[in-house]
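> with the sequence up front, the predicted model follows.
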Amino acid sequence: MSETDIATEIHELEFYVQRNVRYHMRRGAFFLRWGRFTAFVGVIFGSATVTSLIAGSSPILVGGSALLVTLASSIDLVVGTGQRAWLHNDLRKRYLDIEAELLSTGQETSHQGLRELKSRIRRIEADEPPTLPALELLARDDVIRSMYSKEDADKYVSKLSWFKRTTAQWFDWDTSNA
């Protein structure tokens with residue numbers, strides 16, 4: 001393998017690793033925020049339910065508050081936001097370890113070294129849950145903007161609609177036209 005081929009592979013690997021770091025950073029932050037939101041709903045509306053019962057408020061207010069707490073807690077329990085936040089944080093750290101190794105060896109990385117790094121990446125990918133394509137594109141765009149000038153980056157970033165960008169954490173969007 002020539003030095004140019006190795007340099008190209010290193011660049012592609014760095015890009016791939018950076019994209020995955022940013023993807024898992026976004027997913028981990030999303031699940032952390034969702035868990036905090038459901039905890040907030042539980043505290044606020046759980047307190048409202050107890051206060052309403054004590055004060056003798058409207059049964060509709062008491063029932064609505066209790067229903068909201070139950071729904072938010074149920075969704076949090078079923079989705080497992082805490083576990084998912086930890087999983088994505090762990091995956092991000094594993095990719096950061098590979099990135100650190102790539103940065104420390106730089107252009108001195110051999111063909112064998114690249115094969116070993118790719119093998120480690122495949123082991124990480126085996127632990128990953130299914131990815132969300134629109135969110136992957138957003139992470140890819142983040143990397144493009146961080147690595148290239150604004151003029152060059154504008155040529156390569158995706159053209160996702162604002163709605164798909166906003167709901168990328170929730171839905172498995174078709175991104176073939178982006």
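Alright, I've got the coordinates.
> could you chop this protein up by domain?
3-129, 132-178 (automatic domain parsing).
> could you pull out the helices for the chain?
Chain-ordered helices for the chain, with DSSP state H as the definition, fall at 3-55, 59-79, 81-105, 111-127, 133-147, 150-156, 162-166.
> so which of those comes closest to residue 174?
Closest approach to residue 174 among these is made by helix 133-147 (7.4 Å; Cβ to Cβ). In this view, the C-beta of every residue, glycine as well, is placed from N, C-alpha and C.
> now do that closest one and helix 3-55, the angle between them.
120 degrees (axes from the mean of the first three to the mean of the last three Cα atoms, to 10 degrees).
> and helix 133-147, what's buried?
Of the residues in helix 133-147, those buried by neighbour count under the rule 16 or more other Cβ atoms under 10 Å are 133, 134, 135, 136, 137, 138, 139, 140, 141, 142, 143, 144.
> looking at these, spot the one nearest residue 41.
Closest to residue 41, out of all of the buried residues of helix 133-147 and judged by Cβ to Cβ, is residue 135, at 24.2 Å.
> quick one: buried residues of the least confident helix or strand in the chain by mean pLDDT?
Taking mean pLDDT, DSSP states H and E as the measure, helix 59-79 is the helix or strand of the chain with the lowest mean score, a mean of 82. Along helix 59-79, the positions that meet the burial threshold by neighbour count (16+ other Cβ under 10 Å) are 62, 65, 66, 68, 69, 72, 76.
> cool, and stretch 165-178?
Residues 165, 168, 169, 173, 175, 178 are the ones in stretch 165-178 that count as buried (16+ other Cβ under 10 Å).
> pull the distance from that stretch to the chain's centre.
Per Cα atoms, centre = their mean, to the nearest Å, the displacement of stretch 165-178 from the mean C-alpha position of its chain is 13 Å.
> what sits up against that stretch?
Applying Cβ atoms under 8 Å, 6 or more residues apart in numbering, the set of residues contacting stretch 165-178 from outside is 26-27, 30, 130, 132-138, 158-160, 164.
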